[in-house]
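Student: give me the fold of what follows.
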Amino acid sequence: PMKPHEYIDQEDRYGAHNYHPLPVVLQRGEGPYVWDVEGNRYFDFLSAYSAVNQGHSHPRIVGALVDQARTLALTSRAFYNDQLGAMEEAMATRFGYDKVLAMNSGAEAVETALKLARRWAYDVKGVSNDQAIILVASQNFHGRTSTIVSFSSDPDSYGGFGPAMPGFQIIPYDDLAALDRALTNPNVAAFLVEPIQGEAGVYVPSDGYIEGAAARCRAANVLFMADEIQTGIGRTGAWLATCGTCSCAAGRCERDPQTYVRADVLILGKALSGGVYPISAVLADDEIMLTIKPGQHGSTFGGNPIAARVAQVALQVVEDEQLMQRARRQGAHFRDTLARDLGSHPLVALIRGRGLLNAVVINTPEDSHVAWDLCVAMAKAGVLAKPTHGNIIRFAPPLVLTDAELDEALGRIVHTVKNFTAA
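Tutor: Sure, this is the predicted structure:
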């Protein structure tokens, strides 16, 4: 068998250098754990950027994947298949929309939402052709396509990839006054926003921001588009981060009018498959979704039978195992424990998050390597996490951790930080 460094060297030799992974070579996963090629076990506190909410290799989800792959894998959308309608119904009824448009990657779903917003602006709102503006938030992360990086404020994302696609305006995140000013432009079609900014370092906006933004968009006849690719499917302690504080009783989405913020366009991905297959989707009502006609948008793999079958089971697992309630309860315990044990530690500047999407801001500049070194040290202690924006460590384990497993992982994290010596 190859040594870990040989796997790393092989990737470095033959693969593109567009990622900078931690020096761990993983081979197997089950539940909240992954194992490396030498048999060492780790708590996975990244969950493939929240794609593995249901845990690694969930038997029901893998069973659906394997069974459907043996039966019928791909038809393209030139024909109907017997799984897609059931997936669309499961999603539309669960989240309360007329229609679902299935894609594969998160970025494809965002691109779909952008096209829908423009088409709705021209066909329904009456914006002049090619004049539609889509508002986005600073420090956003919606994907890596050439269009999406055109409205990024991160030089690593957009630098050297111009010219930028026109038609976007960046406004400050968590700033309703800035949104008010932007909405005075009658050509604004939509506001695309993350309810919690994941890649920006789990930045949770002020109470009332998402509700206020949605209400302002509604009043201005502008679509409110929520990118819940990373925050959705139970991660933040509810089906959606836009849900607010209703209880998800019995695993169902209650859509409590007192707390629920309904996006005009909802974008989902990642945990829609439990991490076993690329599945994404855009949800909207007929007035928006039916502006796109046959032949105007599509994907060979979008809505394929495997994806459709897997998504149905992945959603049912979250509901049956009530993973959103677990994420809510355990997330509060995670933040409380870190605040108690590390809140006054000189390396810790801030602890923040919602549900089991959390971050620790390290008390160093963004260009410091301390957060990276801490993650390497935590890996040696059996907990895998990854820095974002240089000095922020994101903690997002699968939602299937037991309370005892969470406490064991917390103990390792706390011990690592307390015993860390910066190089």
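Student: now do the strands in the stretch 1-150 of the chain.
Tutor: Here the stretch 1-150 of the chain has its strands, by DSSP state E, counting those that start in this stretch, at 26-30, 33-36, 41-44, 99-103, 133-137.
Student: so which of these is nearest T71?
Tutor: Among these, strand 99-103 comes nearest to T71, with 18.3 Å by Cβ to Cβ. (Each C-beta comes from the backbone N, C-alpha and C, glycine too.)
Student: what about the helices in the stretch 201-350 of the chain?
Tutor: 209-219, 286-289, 305-320, 323-342 (DSSP state H, counting those that start in this stretch).
Student: out of these, the one nearest L74 is which?
Tutor: helix 305-320 (7.1 Å).
Student: what mean pLDDT does the closest one have?
Tutor: For helix 305-320, mean pLDDT is 98.
Student: any idea of the angle it forms with strand 99-103?
Tutor: If you take axes from the mean of the first three to the mean of the last three Cα atoms, to 10 degrees, helix 305-320 sits at 120 degrees to strand 99-103.
Student: okay, buried residues for helix 305-320 please.
Tutor: 305-319 (16 or more other Cβ atoms under 10 Å).
Student: ok, now stretch 110-128?
Tutor: 110-122, 125, 127.
Student: now swap in stretch 290-304 and tell me
Tutor: The neighbour-count check on stretch 290-304 (16+ other Cβ under 10 Å) flags 291-292, 299, 301-304 as buried.
Student: give me the secondary structure label for L374.
Tutor: Secondary structure for L374, judged by DSSP: H, G, I helix; E, B strand; the rest coil, is helix.
Student: could you give the backbone dihedrals for the residue nearest to it when sequence neighbours are not counted?
Tutor: If the residues on either side of it in the chain are set aside, L374 comes closest to F420, at 5.9 Å by Cβ to Cβ, 6 or more residues apart in numbering. For F420, the backbone dihedrals (degrees, to the nearest 10) come out as phi -80, psi 140.
Student: which residues are in contact with V193?
Tutor: Residues in contact with V193, defined by Cβ atoms under 8 Å, 6 or more residues apart in numbering, are 136-137, 140, 173, 210, 213, 224-227.
Student: dig out what it forms beta bridges with.
Tutor: Using DSSP bridges, the bridge partners assigned to V193 are A226.
Student: just to revisit the earlier point, Serialize the buried residues of stretch 290-304 to a markdown table and add fields for distance to G355.
Tutor: Listed next are these as a markdown table, based on distance: Cβ to Cβ, whole Å:
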| residue | distance to G355 |
| --- | --- |
| T291 | 34 |
| I292 | 33 |
| S299 | 30 |
| F301 | 30 |
| G302 | 28 |
| G303 | 29 |
| N304 | 30 |
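Student: from those residues, which two are the most distant?
Tutor: T291 and N304 (24.2 Å).
Student: state the mean pLDDT of stretch 244-261.
Tutor: 75.
Student: I meant stretch 199-211, not that one.
Tutor: Stretch 199-211 comes out at a mean pLDDT of 96.
Student: still on that earlier bit, tally of neighbours for the residue nearest to L374?
Tutor: Residues lying near F420 (other Cβ atoms under 10 Å) number 15.
Student: check contacts around it.
Tutor: F420 neighbours (Cβ under 8 Å, 6+ apart): 347, 373-374, 377.
Student: pLDDT and distance to A178 added to the residues you listed, as a markdown table?
Tutor: Listed next are the contacts of F420 as a markdown table, based on pLDDT from 0 to 100; distance: Cβ to Cβ, whole Å:
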| residue | pLDDT | distance to A178 |
| --- | --- | --- |
| L347 | 96 | 33 |
| D373 | 97 | 37 |
| L374 | 97 | 34 |
| A377 | 97 | 40 |
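Student: between the residues you listed, identify the one with the most neighbours.
Tutor: L374 (23 neighbours).
Student: OK, contacts around it?
Tutor: Counting by Cβ under 8 Å, 6+ apart, L374 touches 347, 362, 387, 393, 416-417, 420.
Student: tell me which of the residues you listed fall in strands.
Tutor: Of these, the ones assigned to strands by DSSP state E are 362, 387, 393.
Student: so the residue lying closest to the second one once chain neighbours are set aside is in which element?
Tutor: Looking back up the chat, that one is P387. Nearest non-adjacent residue to P387, counting by Cβ to Cβ, 6+ apart: A371, 4.0 Å away. Per DSSP states H and E: A371 is located in helix 370-380.
Student: any buried residues in that helix, and which?
Tutor: By neighbour count on 16+ other Cβ under 10 Å, the buried set for helix 370-380 is 370-375, 377-379.
Student: kindly report the same for stretch 123-142.
Tutor: Neighbour counts over stretch 123-142 (16+ other Cβ under 10 Å) mark 125, 127, 132-142 as buried.
Student: also stretch 347-361?
Tutor: Buried, per 16+ other Cβ under 10 Å, within stretch 347-361: 347-348, 351-361.
Student: same check, this time on stretch 60-69
Tutor: 61, 64-65, 68.
Student: ok, now stretch 219-227?
Tutor: Neighbour-count burial for stretch 219-227 flags 220, 222-227 (criterion: 16+ other Cβ under 10 Å).
Student: circling back: show me the buried residues of stretch 347-361 that map onto strands.
Tutor: Mapping these onto strands (DSSP E) picks out 348, 351-354, 357-361.
Student: with distance to I279 added, can I get the residues you listed in CSV?
Tutor: What follows is those, written out as CSV (distance: Cβ to Cβ, whole Å):
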residue, distance to I279
V348, 36
I351, 32
R352, 29
G353, 25
R354, 24
L357, 20
N358, 25
A359, 26
V360, 30
V361, 32
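Student: ok, of the residues you listed, which one's closest to Q330?
Tutor: Using Cβ to Cβ, N358 is the member of these that lies nearest Q330, at 10.2 Å.
Student: now the closest one, nearest residue through space, not along the chain?
Tutor: Counting by Cβ to Cβ, 6+ apart, the residue nearest N358 is F395, at 4.7 Å.
Student: the one you found touches G331, doesn't it?
Tutor: No. Using Cβ atoms under 8 Å as the test, F395 is too far from G331 to be in contact (9.6 Å).
Student: identify the contacts common to these two.
Tutor: With Cβ under 8 Å, 6+ apart, F395 and G331 have common neighbours 353, 356, 358.
Student: so what's the last one bridging to?
Tutor: To tie it back to what came earlier, the one meant is N358. Assessed by DSSP bridges, N358 has beta-bridge partners G353, F395.
Student: other SSEs contacting the helix or strand where A404 lies?
Tutor: Assigned by DSSP H and E, A404 falls within helix 403-418. With contacts taken as 3 or more Cβ pairs under 8 Å, 6 or more residues apart in numbering; DSSP states H and E, helix 403-418 sits against strand 41-44, helix 323-342, helix 370-380, strand 383-384.
Student: much appreciated, bye for now.
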